[in-house]
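Enquirer: give me a 3D structure for the following:
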Amino acid sequence: MNEPRAQVVPLRPGERVGRDAEFSAFMAQAEPALGRMAYLLTGDRHRAEELVQQALVRTYVAWPRARDRDPLAYARRVLANARIDTWRKHRREVLVDHEDLPHGGHDGPGDHHADRDLLVRALTRLPERRRRVVVLRYLLDLGEREVAEDLGISTGAVKSAASRGLAQLRGLMTEDDRSTTGTEVPR
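Expert: Numbers count the residues shown, from 1 in each chain. So this is what the prediction gives:
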């Protein structure tokens with residue numbers, strides 16, 4: 001599940017491409033990964049799409065600086081920061097109360113949609129920093145150093161947030177699964 005590193009390459013070998021064409025190629029390659037990350041951070045498809053658009057606009061504005069480094073890492077960091085900005089702006093807004101979330105029935109251990117729903121619902125209940133770390137570290141399969149660089153925190157803070165986030169996530173998912181199926185999730 002390791003995200004491929006986005007490469008800035010001309011559209012045709014030997015051709016020098018302009019900024020717009022170069023960014024368009026990057027955007028086509030990076031948008032699916034950014035979309036997954038945004039959805040896991042917000043838990044809402046529409047907000048995730050808006051967040052990806054904001055991140056891509058900000059990355060485009062800084063494209064000369066972003067392309068010289070790792071442009072996907074730059075875009076991920078912009079996306080994480082945009083999520084924080086949105087959260088701060090709408091801090092009093094309750095995205096979705098846990099009790100109002102749909103609790104679809106499980107069709108069995110192979111029901112991936114129910115498992116994904118359970119995970120996304122549990123992620124929405126994690127504190128913002130832990131959610132960002134868990135999403136980047138385990139769902140996007142980034143290393144501790146990459147997560148630390150993307151979020152601008154220390155590697156130790158990543159380790160701590162990841163450990164606490166996973167423990168809290170396990171508890172939330174077990175609790176949610178018990179409430180929807182009447183059974184306990186095996187560890």
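Enquirer: off-centre distance for the longest helix along the chain?
Expert: Identified as the longest helix of the chain according to DSSP state H is helix 155-181. Helix 155-181 has its C-alpha centroid displaced from the chain centroid by 16 Å (Cα atoms, centre = their mean, to the nearest Å).
Enquirer: check stretch 70-90 too.
Expert: Between the centre of stretch 70-90 and the centre of its chain there are 10 Å (Cα atoms, centre = their mean).
Enquirer: those strands in the protein, which residues are they?
Expert: Under the criterion DSSP state E, the chain contains no strands.
Enquirer: can you show me the helices along it?
Expert: 19-42, 45-61, 63-68, 71-89, 112-124, 128-134, 144-151, 155-181.
Enquirer: rank the ones you listed by pLDDT, which is bottom?
Expert: Ranked by mean pLDDT, those bottom out at helix 112-124, with a mean of 79.
Enquirer: report the contact partners of the spatially most central residue of the chain.
Expert: For the chain, the residue sitting closest to the mean C-alpha position, by Cα atoms, centre = their mean, is residue 37 at 2.3 Å. When contacts are counted by Cβ atoms under 8 Å, 6 or more residues apart in numbering, residue 37 touches 76, 79, 135-136, 139-140. All C-beta spots, glycine's among them, are computed from the backbone N, C-alpha and C.
Enquirer: return a ChimeraX selection command for the buried portion of the residues you listed.
Expert: This is how ChimeraX selects the buried members of the contacts of residue 37, with burial counted by 16 or more other Cβ atoms under 10 Å:
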select :76,79,135,136,139,140
